[in-house]
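[1] This is a predicted model, with the sequence first.
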Amino acid sequence: KKDTIILGIETSCDETAVSIVRNGTEIMTNVVASQIESHKRFGGVVPEIASRHHVEQMTVVLEKAFENTDITWDEVDAIAVTEGPGLVGALLVGVNSAKALSFAKQKPLVGVHHIAGHIYANRLEKEFEFPLLALIVSGGHTELVLMREHGSYELIGETRDDAAGEAYDKVARMLNLPYPGGPHIDQLAAIGEETIAFPRAWLEEGSYDFSFSGLKSAVINKIHNAKQRGETLKNEDIAASFQASVVEVLTAKTLKAAKAYNVKQVIVAGGVAANKGLRRELETVFSETDIPLLIPDIKLCTDNAAMIAAAGTIAFEQGRRSGLDLNANASLQL
Ligand code: KG4
Ligand code: ZN
């Protein structure tokens, strides 16, 4: 059987990324241009700045991607692009670039859901086994997705308010840590102690949904009250206590769902999957079961285009195609 070579494009947030993947599993080239430095001083991603950077970076990143590999345009079977969800102006740059390339190079176009991409980042490391449970934890998402076969996604739980990464970034901001705050909280948590008992949002019995806004408010209140009373709280202890709450709920619900649905594999995806505390706790609890746990390398956890090409490969092989009328969809459903 002939190889399937897919070029992936990702511009949903603040990384301009192009990658080429062979057979959905092998990275031939993977270039990511991060804009973090430009957004840092605003304490978050500024949509207009993100779009402009994508416009400036797209051709640079595309050229670099081809410089890193022997693969030529002739060999590319299709172009996969993130069509949503994300920042609409940012998504539009990727979608329009992909459409222009599809037209100019006469290659089929495949729109990809950003979360499907995060899930398929795992397949770049290990073949999937179904049924599979995916925990997706990023700046915009906190979801438990059941997959019974390739390309099929069943949402069994999701956040009712803030995403886990969003809670990390907001707490980090209160502690005056730079954007994105997740990695900084993670580092502080490693040297702090859980001295504050923050709430755990378990929600109703049997629910696989999440909620992080209550925890975020509890952290804000704790900091304000301590200030008023002249108490000093150590940032590392706040970080450790906050992280303990997030990690405990994410881990417990993932374990419960994995057992309830009798899955053959658990995978973790999204930027927060880079969290050392979460990785350690998941590894500990799953090592006590016979369910294999897969967490991709940190550079495949955060936004990249290899994951879009990997998810796009399955969509392409299943015959899914997008037309040149493909549009960015900021709130696309999985
Ligand atoms: O998947 P991603 O790169 O972009 C989205 O699609 O959202 O995730 C970014 C999120 C940010 O909220 C960032 O703070 C968080 O992932 N993050 C972390 C860590 N590394 C990145 N959160 C906790 N601990 C980390 N080590
Ligand atoms: Zn993402």
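    Happy to help now that I have it. Ligands and ions are numbered 1, 2, ... in the order given.

[2] pLDDT value on residue 1, please?
    Among the per-residue scores, residue 1 holds a pLDDT of 72.

[3] do residue 80 as well
    You'll see residue 80 listed with a pLDDT of 98.

[4] Could I get the phi/psi values of it?
    phi -110, psi 140 (degrees, to the nearest 10).

[5] I'd assumed residue 5 was in contact with it.
    No - at 11.0 Å, residue 80 and residue 5 do not qualify as touching, with contact defined as Cβ atoms under 8 Å. For glycine as for every other residue, the C-beta is placed from the backbone atoms N, C-alpha and C.

[6] Tell me which of those two has more neighbours.
    residue 80 (32 against 22; other Cβ atoms under 10 Å).

[7] Can you classify the spatially closest residue to the more buried one that is not a sequence neighbour by secondary structure?
    Among residues not flanking residue 80 along the chain, residue 312 sits closest, at 2.3 Å (Cβ to Cβ, 6 or more residues apart in numbering). Following DSSP: H, G, I helix; E, B strand; the rest coil, residue 312 is assigned to helix.

[8] Residue 312 - how many residues pack around it?
    Neighbours of residue 312 using other Cβ under 10 Å come to 32.

[9] Same question for residue 107.
    Around residue 107 there are 17 residues (other Cβ under 10 Å).

[10] where does it land in three-state SS?
    coil.

[11] My read is that it contacts residue 98, right?
    No - applying Cβ under 8 Å, one finds residue 107 not in contact with residue 98, separated by 9.4 Å.

[12] Find residues that contact each of the two.
    With contacts defined as Cβ atoms under 8 Å, 6 or more residues apart in numbering, the residues shared by residue 107 and residue 98 are residue 79.

[13] For residue 131, give me its contacts.
    Applying Cβ under 8 Å, 6+ apart, the residues near residue 131 are 146-148, 261-264.

[14] shaky segments in the protein?
    Residues of the chain meeting the criterion pLDDT under 70: none.

[15] before we move on, the earlier item: and the contacts of residue 131, which are buried?
    The neighbour-count criterion (16 or more other Cβ atoms under 10 Å) marks 146-147, 261, 263 among the contacts of residue 131 as buried.

[16] Could you work out the most separated pair of these?
    147 and 261 (10.2 Å; Cβ to Cβ).

[17] any shared contact partners between those two?
    Joint contacts of residue 147 and residue 261 (Cβ under 8 Å, 6+ apart) are 131, 133.

[18] Show me which residues of the helix or strand residue 277 falls within are buried.
    Element membership for residue 277 (DSSP states H and E) is helix 276-287. Within helix 276-287, the residues scored as buried using 16+ other Cβ under 10 Å are 277-279, 281-282, 285-286.

[19] Is it correct that residue 126 falls within a helix?
    No - Residue 126: not assigned to a helix; according to three-state DSSP it is coil.

[20] Got phi/psi on it?
    Dihedral angles (degrees, to the nearest 10) for residue 126: phi -150, psi 140.

[21] Return the residues in contact with the residue nearest to it when sequence neighbours are not counted.
    Nearest non-adjacent residue to residue 126, counting by Cβ to Cβ, 6+ apart: residue 294, 5.5 Å away. Residues near residue 294 by Cβ under 8 Å, 6+ apart: 122, 125-126, 265-268.

[22] measure residue 294 to residue 137 for me?
    14 Å (Cβ to Cβ, to the nearest Å).
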